[in-house]
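When you get a sec, could you give me coordinates for this:
(one chain, ligands or ions: 1)
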Amino acid sequence: MYCAATAQEAQNTPGAAPLDLTEFVAANAPADSAQSLALLLSSVAVAVKQIAGKVSRAGLEGLFGVAEQQGGGSGDTQKKLDVVANDIMKAVLSANPQVAVLASEEDDEAMLCSRGAAAAAAAAAAAGGGGYVVVFDPLDGSRNIDAAIPTGTIFGVYKSLAAAGNDKLDATAAALQPGTELVAAGYALYSSATMLVISTGQGTHGFTLDPLCGEFLLTHPNIKIPQRGQIYSVNDARFHDWPKGLQAYIEAIRQGKGQNPKQYSARYICSLVGDFHRTLLYGGVCMNPRCHLRLVYEANPLALLCEQAGGIASDGKQRLRDIKPAKLHQRLPLFMGSPDDMTELMSYDDVQQLDGKTYTV
Ligand SMILES: O=P(O)(O)OC[C@H]1O[C@](O)(COP(=O)(O)O)[C@@H](O)[C@@H]1O
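Numbers count the residues shown, from 1 in each chain. I've put the predicted structure just below:
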């Protein structure tokens, strides 16, 4: 199979077949972890293909609707497909001997994976590497499922703390690392195409699942978010619950009275992966100003992808990736987007909705 050394080379070689995900990561991730990350992301890709199959066949397999038994750490109503996607992620990733810890938005606790944890402890004892910790939201935007609207899977990868000299792994502590420690992150988008967008800290790159060969092929090398966009993405119905700063910012850009003299348009799918993906490609800002999205499972992984594409990711006060999570299911306001739009938004200062209000839709 064709293998170019870099995304640039792949793009510049006329007629060359696109790289698949594994080849690309092996050639483009940091040298000391390229092979292991390539194998890890191959496992993620296997899980994502299985979830994509379930999402597209949900109406045919009776997978619409709410799960019969409710569980899950986030306290949200679980859909049948939330449970199915969670089971797939855990089954596939725990079979990978490099995975020491898994933490899912759908579970109360982080879990040790026996094969990976044993290997991580042995490696730590030998002062070597350690296993990987994978945090994930198996199916984000699941309230959209029954209407066949795009959904996604979000994941982040850390090195296990065993690598730092601990010979016993504490699964929860291993998953509570700040986003600055991420060694890889990504999301899958289940939409008109199934995409996998990843970063290993060396740019943000997009792959499209080719249904003809069943592989994720490089279609969006080195994504750069536009310096400024003309779209804002937020649940606008909450306008009257927002703080004054956020109201003033949105009023200004709607009227073309912001730093960009053009009127902005609103786009909101209510599917974080879909809204973020569009923002990454078209520019502008996407946000959820209330304490709703999870730092560990959603915000930090997307923040790495955003920054690696040249964007800014914030909780409305500070850089997201600098925040040390205090608990697995910690929620916070989330703002991400083009550097000029984000800098303008942050200059309004008072943008977080901290009233604790929840909505039942
Ligand atoms: O109700 P809001 O504030 O518009 O929140 C919608 C957001 O919640 C999410 O659905 C995440 O919540 P779930 O994980 O419960 O699906 C995002 O996909 C979406 O961006």
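
Next secondary structure after the one helix or strand L41 maps to?
Secondary-structure assignment from DSSP states H and E places L41 in helix 34-56. Once helix 34-56 ends, the next helix or strand along the chain (criterion: DSSP H and E) is helix 80-94.

So which bits of this structure are right by the ligand?
With C-beta under 6 Å from any ligand atom as the criterion, the chain comes near the ligand at residues 76, 140-143, 235, 270-272, 288, 290, 292, 359. Any C-beta I mention is one placed from the backbone N, CA and C, and that applies to glycine too.

Among those residues, which one is most surrounded by other residues?
D140 (28 neighbours; other C-beta atoms under 10 Å).

for the spatially most central residue of the chain, which residues make a bridge with it?
The chain has I154 as the residue nearest its centroid, 3.5 Å off, counting by C-alpha atoms, centre = their mean. Going by DSSP bridges, I154 is paired in beta bridges with D137, Y187.

Ok, the one 5 residues further on next?
In this entry, K159 is beta-bridged to Y132, by DSSP bridges.

pretty sure it is touching A175, no?
No - here K159 lies out of contact with A175, judged by C-beta atoms under 8 Å, at a distance of 11.9 Å.

who has more neighbours, those two?
Taking other C-beta under 10 Å, K159 and A175 do not tie; A175 has more neighbours (25 against 20).

Contact partners for that one?
By C-beta atoms under 8 Å, 6 or more residues apart in numbering, the contact set of A175 is 101, 103, 110, 133, 135, 158, 296, 328.

related to what we said a few turns ago, run the angle between the helix holding L41 and helix 80-94 for me.
160 degrees (axes from the mean of the first three to the mean of the last three C-alpha atoms, to 10 degrees).

So which residues of the stretch 251-361 of the chain form strands?
265-266, 285-294, 312-314, 331-337 (DSSP state E, counting those that start in this stretch).

how about those in a markdown table, adding mean pLDDT?
Below are the strands of the stretch 251-361 of the chain laid out as a markdown table (pLDDT from 0 to 100):
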| stretch | mean pLDDT |
| --- | --- |
| strand 265-266 | 98 |
| strand 285-294 | 98 |
| strand 312-314 | 98 |
| strand 331-337 | 98 |
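
what's in contact with whichever helix or strand L102 is part of?
Here L102, judged by DSSP H and E, is contained in strand 99-104. The contact list for strand 99-104 (C-beta under 8 Å, 6+ apart) reads 40, 43, 73, 86, 89-90, 93-94, 109-113, 115-117, 119-120, 130-138, 160, 162, 169, 171-172, 174-175, 296-297, 328.

Burial check on the residue nearest to G59 when sequence neighbours are not counted, number of neighbours?
Nearest residue to G59, sequence neighbours excluded (C-beta to C-beta, 6 or more residues apart in numbering): A148, at 7.3 Å. Neighbour count for A148, taken as other C-beta under 10 Å: 14.

same check, this time on E181
For E181, the neighbour count with other C-beta under 10 Å is 15.

That one and K159 touch, don't they?
Yes - look at E181 against K159 with C-beta under 8 Å: they come within range, at 7.4 Å.

From what I see, K262 and Q255 are in contact.
No - look at K262 against Q255 with C-beta under 8 Å: they stay out of range, at 10.3 Å.

ok, which stretches of the protein are helices?
Along the chain, the stretches classed as helices by DSSP state H are 7-12, 21-28, 34-56, 80-94, 114-125, 171-175, 244-254, 272-282, 300-308, 339-346.

what would those helices look like in TSV with mean pLDDT?
Below are the helices of the chain laid out as TSV (pLDDT from 0 to 100):
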stretch	mean pLDDT
helix 7-12	53
helix 21-28	96
helix 34-56	97
helix 80-94	97
helix 114-125	65
helix 171-175	94
helix 244-254	98
helix 272-282	98
helix 300-308	98
helix 339-346	98
